[in-house]
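1. with the sequence up front, the predicted model follows.
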Amino acid sequence: MRPLPRVPRALVAGALLAGLAAGPAAAKVFEPETFMLANGMQVVVASNHRVPVVTHMVWYKVGSADEVPGKSGIAHFLEHLMFKGTKSVPPGEFSKIVARNGGQDNAFTSYDYTGYFQNVAKDRLELVMKLEADRMANLVLTDAEVDPERKVILEERRQTLDNKPASRLNEQMIAAQFMNHPYGRSVIGWEHEMRGLTTEDAVAWHRRYYAPNNAILVVGGDITAAELKPLAEKYYGAVPARPVPPRVRVQEPTHQAARRVVLESEQVRQPSWRRTYLAPSYARGAVEHAYPLQVLAEILGGGATGRLYKSLVLPGVLAVGASAYYDASAIDLTTFNVAASPKIGVEVEKVEAAVDKVLAEILEKGVTQEELDNARRRLQDAAILGRDSFNGGARTLGAALAMGRTVEDVETWPDRIGAVTVEQVNAAARHVLVERQSVTGILRPKPTS
Amino acid sequence: MFLRIAAVAATLFLGSAGIAAEALEIQRVVSPGGIEAWLIQDRSAPILAVQAGFRGGSAQDPAGKDGLANLTVSLLDEGAGPYDSQQFQGRLENRSIEFGAEAERDNVMVGLRTIADRRDEAMELLALALTEPRFEQSAIERVRASILAAIQRDAENPQSLAWRTLWQSLFDGHVYGRQSRGTLETVKALTRDDIVAYHKAQFAREGLMIGVVGDIAPEELKPLLDRTFGRLPAKGRSDAVAEAAAKSPGTTTVIRRPIPQSVVAFGHFGIKRDDPDFYAAYVVNYILGGGGFGSRLMEEVREKRGLAYGVSSYMSTFNRAGLVLGTVGTENAQAAASLELIRKEWRRMREEGPTETELENAKTYLTGSFALQLSSTTRIARMLVTIQADKLGIDYLDKRNAYIEKVTIDDARRAARRLYDPDRLTVVVVGDPAGLGAAN
């Protein structure tokens, strides 16, 4: 609430990450209603009647991992350009119309999806549906609008990535982790390729993927399916379906050797350490490990009582923070992540050795029943807490469906977590914590010469 | 995840936050022991959030002990009553009780969020944290190490560096100019005695402000209030904080660093929350740089020219000071051009004020978006405390939109003239900007 940037306490970082890991779903709590439009557009309603407000979201089943080589960044660039006007809405007016109606809007791009949303009072829902359906069908792009926006995404890249050593390291680590799969490229794209993205590229992307049969409408908040259906049919139902190419991506080869990425920078005063392991997701690889890995991440990194914290932070000698993170939500393979921040004056390698010891112990002796019980319960609780916000359900459901999962998957998440056994967690650990599939990243100060 | 527009540091003020008054009713709940809380009962999810505000905050840090409030509140959940740190954390985590404590400049906020069926246990832990924290030396050293590492981590972070420098120049010599988190030197020097003394002075029933949101009825809340807050001492102690007229020398400071984008923080004096022109100023600032897309700064700097991903201005208020601040990130070659545009808009707003149309559009946004900020129980509970801290009255939610509606074009022009002064706009640039400051 105050202008000075705050840094989250290192102590709670693990807990925050664990919370995120629990994020993919929240179960039998959203109790969404769903229906399908005649043109193949899926519709989901997640009600929360606390205040007379709705979140209106359209998710497209396309993301940066669907880009072709040489055109990295086009998915995200088009997301920006969706605000540049249609046959009936002049450039730049979209957000202004939403704001004049007391609403807020934004959009986001990830590897596997692109989403647009407006949060508005319930009585303005029809207006934003009309606007959103309009730009699905009638986007108009010209160089006059595209050229300045290309500069904006380059500034966005500088701001979020190039100016930040930790983000630059992360970009290199992902590239090392995914040798062949497009997940190895940043969502925002490589700078030299971003510079070459054209109006024609953007128009082609929109034409190829922005079809109702490739989109999901999710509305959360003070609304029911019965209220929404006539509006959805009127606005989105009017957009004709058209063929959309299947999402076929090249896959990872067998990883033969561990990789190590070190970034040294004058901008860094305090070193940090991270490791990623190639891991299955809900949809790709040894998918039977997807739920046990979420429990494993919680046991390792769950706040101040997780194994990493107890070994690395609590004794007060080595580290000020340690965490584990895993998100099973991906169309293709994903990563299992471990991170630690050394105390001032402690060598990164010492912290790394301590993490390795914790992981070796898990592999050797496995987790305990008590750890399992606590972790499962905490994850299930997180699903209940996920119902707090009026738009949390819409976000969770939209992301899941855009990645090919079902409402049923989301709703049964707590049961699936609850069914995980000690043996499954141990098997998942053995499957994933494999050195040759890992990338270790170290961020450190540049030695002054 | 990349966003079309950077998530604006959400809701800097009540002015842009608010509640659909017709939807949520604030009840004043007074316990048998005389503890008052403001409650919004909400059964839409089995969740309860409690926030307690204590007057004081980091502005009470004694000279040379910068960071004391921050260290102290960071230790509240590190062992209390019969529980050591691991036992206390274990009880919180295994019951999924979220605990948070934060030292703001003028207040300390302590709160929790829990699933409603374990509220008694949660409130007991809150009571212990407030009244019987152990402050064990091992916990002090561990948390101190974490704060020191964070200070070190931010030492060369361009954003932190820019804001720290701007802050110090605006509040040079005033307690607000110090770093809430402290410096490596001051944090290293803090002792357990300092912490115990700060805790004793800070946490008392006098001046306590409580906000509760969620699945609980007033009659259920009353005994919990006594059990939780009744154990606090009646009175604490706080030192008066002097009024702080933000120094606004109008200088441009360049901190040269080898990064591709110049990070710019700028600002000068502003007005306080209780100023009669507050709402007019708030509306005007929305038009200049507070409103994301459609704001004059975004239009000129980003939309027309693509010079930045984000540019914004906002008002910041404290008990003893008001500020208007802003930020932009622009590639080094264009930093001077961005700044020139910002100054130009700063001046144009001062001299001409907003147009009638801009004023009307701002009002429809600010009143219509009132309910959108109510995204979680914790946020609403915090808002209830802020309404009390700013003495806005329990009917604020009903009146707030009318305050915005009442702003006339004359009010807006007057407020703009008071709020913006391009000649005193004080700027800090971190990066390698062309055409600004001395060459490297």
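-> Nice, thanks for sending it over.
2. when you work out contacts or count neighbours from here on, use the C-alpha atoms and nothing else.
-> Will do.
3. residue A:307 and residue A:300 touch, don't they?
-> Yes. Residue A:307 is in contact with residue A:300 according to Cα atoms under 8 Å; the separation is 4.8 Å.
4. so for stretch B:154-167, mean pLDDT?
-> The pLDDT scores in stretch B:154-167 average 95.
5. what's it in contact with?
-> For stretch B:154-167, contacts defined as Cα atoms under 8 Å, 6 or more residues apart in numbering or on different chains pick out A:4-5, A:164, A:266-269, B:177, B:179, B:263-267, B:426-431.
6. filter the residues you listed down to the buried ones, ChimeraX style.
-> To isolate the buried ones among the contacts of stretch B:154-167 in ChimeraX, judged by 16 or more other Cα atoms under 10 Å in any protein chain shown, type:
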select /A:164,267,268,269 /B:177,179,263,264,265,266,267,426,427,428,429,430,431
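7. doesn't residue A:364 lie inside a helix?
-> Yes. Membership of residue A:364 in a helix is supported by DSSP: H, G, I helix; E, B strand; the rest coil.
8. that one: neighbouring residues, count only.
-> Residue A:364 is flanked by 11 other residues according to other Cα atoms under 10 Å in any protein chain shown.
9. how far away is it from chain B?
-> Per Cα to the nearest Cα, to the nearest Å, residue A:364 is found 25 Å from chain B.
10. tell me the pLDDT of that residue.
-> Listed pLDDT for residue A:364 reads 98.
11. show me what contacts it?
-> Applying Cα under 8 Å, 6+ apart, no residues qualify as near residue A:364.
12. the same query, at a cut-off of 10 Å, please.
-> A:358, A:426, A:430 (Cα atoms under 10 Å, 6 or more residues apart in numbering or on different chains).
13. now do residue B:37
-> By Cα under 10 Å, 6+ apart, the contact list for residue B:37 reads B:26-31, B:50-52, B:208-212, B:218, B:221-222, B:225, B:384-385.
14. thinking again about what came up before, out of the contacts of residue A:364, which is nearest to residue A:194?
-> residue A:430 (39.7 Å; Cα to Cα).
15. domain-wise, how is chain A divided?
-> The record's domain parsing of chain A by automatic domain parsing lists A:40-235, A:259-445.
16. list the residues that contact residue B:138.
-> Residue B:138 touches A:314-316, B:78, B:85, B:144, counting by Cα under 10 Å, 6+ apart.
17. for residue A:250, grab phi and psi.
-> Dihedral pair for residue A:250: phi -70, psi 150, per degrees, to the nearest 10.
18. quick check, it in contact with residue A:69.
-> No. Here residue A:250 does not reach residue A:69: they are 11.3 Å apart, not a contact under Cα atoms under 10 Å.
19. what do the two both touch?
-> Common neighbours of residue A:250 and residue A:69 (Cα under 10 Å, 6+ apart) are residue A:182.
20. return every residue with contacts to both of residue A:307 and residue A:300.
-> Joint contacts of residue A:307 and residue A:300 (Cα under 10 Å, 6+ apart) are A:322-324, A:358-359, A:362, A:367, A:371.
21. excluding chain neighbours, what is closest to residue A:112?
-> Distances taken as Cα to Cα, 6 or more residues apart in numbering or on different chains place residue A:63 nearest to residue A:112, at 4.3 Å, with adjacent residues excluded.
22. got the phi/psi numbers for that neighbour?
-> According to degrees, to the nearest 10, residue A:63 has phi -150, psi -170.
23. check contacts around it.
-> A:73-76, A:79, A:108-115, A:187, A:209, A:402-403.
24. alright, calling it a day.
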